[in-house]
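Trainee: Provide a 3D model corresponding to the input given below.
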Amino acid sequence: MDSLGRHEQLLRICHLVEVLGVSRRPLSVVDLKDRLRDRGVIDDLSDRTVRRDLTFLQGFGYPLRCDRAVDGSGRQRQCWSLAGGPGGARLGPPTAALPELLALLVARDFLAPLAGTVYWRGIAALLARVEALATPALVAHADALREGLVVHPRPVEGRYRPRLLAAINRSIRHRLELQIRYRGQGDREAQRRAIEPEALVLYDGVLYVAACPSGRSAGAAPGLRFFKLDRVEAARVTKRTFPPRAVSVADELGDSITIYRSATIPPRRFTLRVAPQRARWACEKPFHPRQQVTRLADGSVELVIARAWDEELVPQLLALEEWVEVLEPADVRERIAATAERIVALYRRPRGTANSPAKG
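Mentor: Below is the predicted model of the structure:
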């Protein structure tokens, strides 16, 4: 059986467990097929496949009973039910579908950076239900299937201190000022800051605190910054409250490819031309969430980005090397040209001499 077939079988047997667990009477193979069809799990399925799935469940520890009984059509048939024991009579109607709970085994890799937060505790509680709804053997089987999806690079689990996360979550939930010790990229020592945190932001596998400096006026939205959680050395919640911002963090990030923000320099319009070799990538990715695309006759594309900051966009443009040209703004064209000249000069020197100290 190929990988797709195994996933289809896992989906069917998860629904079979639910159907048998909530049924008040034994169900024949015909009954089971009807109920799977009603759930949208199958369009057409042979009796032999359903019997094979039932045998599979028995092999994974589910206490299935097979007796002669009257099925839904009024005929005497072999009918199946869940007996007592693990995965049997104790199984009640689940608050979420079992396939959804098993999908958390896959989602766990994506959500690893949230370990220690209130969100992770909720995820852990849902994962615990998997053990109550399924036998350990079936959970192990689902976990093995998870190897068919690889998250790379895999986020580091438990990288943030629980007490630090608890303080930040409390501050966000109750809108209380947060006093932090923060060491920025250029700081030799941590600096004390008072901030008004709005949200935790998961960006590129790393957690940031989206916050404004303390002391702003009600409803204002200046100076939103993103503090990398790895650089927060300590956090203390104060009793001072602060008002909500007029614009949510999610809305503010809606037209951005990074989390860069400037409180003093406004975003501006960019027009880019992407070569045919990278045109499909620029549209599929997309290069910017709100880009306007014009396809040109030679296979290249022209992208218009209404709002972006130089400091977030220029590094992305340099990464595309010769496959993208900035048409406007003119000063960004000059900036990239100057950067390219410095790179050329660097690589035309003898290797290893670029940063050597001057002699004499």
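Trainee: what ranges do the helices span in the stretch 251-360 of the chain?
Mentor: 276-284, 310-319, 330-348 (DSSP state H, counting those that start in this stretch).
Trainee: what are the buried residues along the first one?
Mentor: Spelled out, it's helix 276-284. 278-279, 282 (16 or more other Cβ atoms under 10 Å). The way it works is simple: take the backbone N, C-alpha and C, and place the C-beta from them, glycine included.
Trainee: of all the helices of the stretch 251-360 of the chain, which one comes closest to Gly299?
Mentor: In terms of Cβ to Cβ, the element of these nearest to Gly299 is helix 276-284, at 3.4 Å.
Trainee: which helices and strands does the closest one pack with?
Mentor: Applying 3 or more Cβ pairs under 8 Å, 6 or more residues apart in numbering; DSSP states H and E, we find helix 276-284 packed against strand 301-308.
Trainee: hmm, 6 Å instead?
Mentor: Here helix 276-284 touches no other helix or strand, going by 3 or more Cβ pairs under 6 Å, 6 or more residues apart in numbering; DSSP states H and E.
Trainee: identify the residues contacting it?
Mentor: Contact with helix 276-284 is made by 274, 293, 299-301, 323, as judged by Cβ atoms under 6 Å, 6 or more residues apart in numbering.
Trainee: so which of the residues you listed wins on neighbours?
Mentor: Among those, Val274 has the most neighbours (other Cβ atoms under 10 Å), with 23 neighbours.
Trainee: who's in contact with that one?
Mentor: Each residue near Val274 by Cβ under 6 Å, 6+ apart is listed here: 282, 300-301, 324.
Trainee: now it, nearest residue through space, not along the chain?
Mentor: Sequence neighbours aside, Ala282 is the residue nearest to Val274 in space, at 4.5 Å (criterion: Cβ to Cβ, 6 or more residues apart in numbering).
Trainee: ok, Val249 to Ile259 distance?
Mentor: Distance, Val249 to Ile259, by Cβ to Cβ, to the nearest Å: 10 Å.
Trainee: sorry, back to before: what is the nearest of the buried residues of helix 276-284 to Ala345?
Mentor: So of these, ranked by how close each gets to Ala345 (Cβ to Cβ), first place is Arg278, at 25.9 Å.
Trainee: low-confidence regions, the stretch 201-350 of the chain specifically.
Mentor: 216-222 (pLDDT under 70).
Trainee: distance of Ala306 from Ser23?
Mentor: In this view, Ala306 and Ser23 are 57 Å apart by Cβ to Cβ.
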